[in-house]
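[1] make a model of this:
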Amino acid sequence: MTYQTCNQIKALVQAFEQHTLPRSQWTHTAHLTLALWYLAHYAPSEAIDRMRDGIQQYNAAQGIQQTKNSGYHETITLFWLWVGQWYLADRRVSRLALDAINQFLERCNDPTLPFHYYSRDRLLSWEARTNWVEPDLHPLP
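    Okay, the predicted model is just below:
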């Protein structure tokens, strides 16, 4: 997906925060867009809290159960926030522009990226779903 306007991104953020985002639109791309938005607008610790709390609240509002195979995933969420932080620092992005989000999505929107660092068993474990776990294949740069 390529965003045409900043208003599209703002609408996504608002719908997510108000728990009105249709579940069909709660995609990997939406997750990444929100992560980058929060990282660009808040200190990293607050961005993490907003993303974590936001996903858990959105899931609860949508009736998404926290199980071994679904619901909020701490390690994956923090991994993608790390990718977003790396991208913003690497690009020296001082303010989030439409181009920055679209370039981030073009470059980093590979849902298999965590598996370059984590074995399937480790990343899909209950421990990784509920807590941050360090990668077991390659360290994060």
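
[2] report all helices and strands that the host helix or strand of residue 40 contacts.
    Using DSSP states H and E, residue 40 falls within helix 28-41. Applying 3 or more Cβ pairs under 8 Å, 6 or more residues apart in numbering; DSSP states H and E, one finds that helix 28-41 contacts helix 6-17, helix 44-62, helix 74-91, helix 98-108. All C-beta spots, glycine's among them, are computed from the backbone N, C-alpha and C.

[3] ok, and the helix or strand in the protein with the lowest average confidence?
    The least trusted helix or strand in the chain, going by mean pLDDT, DSSP states H and E, turns out to be helix 98-108, with a mean of 91.

[4] right, and the helix or strand after it?
    Remark: after helix 98-108, the chain's next helix or strand is helix 120-123, criterion DSSP H and E.

[5] can you tell me how far residue 113 sits from residue 72?
    The spacing between residue 113 and residue 72, counted by Cβ to Cβ, to the nearest Å, is 19 Å.

[6] who's more crowded, these two?
    Comparing residue 113 with residue 72 by neighbour count (other Cβ atoms under 10 Å), the higher total belongs to residue 72, at 20 against 13.

[7] contact partners for the more buried one?
    Applying Cβ atoms under 8 Å, 6 or more residues apart in numbering, one finds that residue 72 lies in contact with 52, 55, 56, 59, 66, 129.

[8] pull the number of nearby residues for residue 67.
    Applying other Cβ under 10 Å, we find 9 other residues in the vicinity of residue 67.
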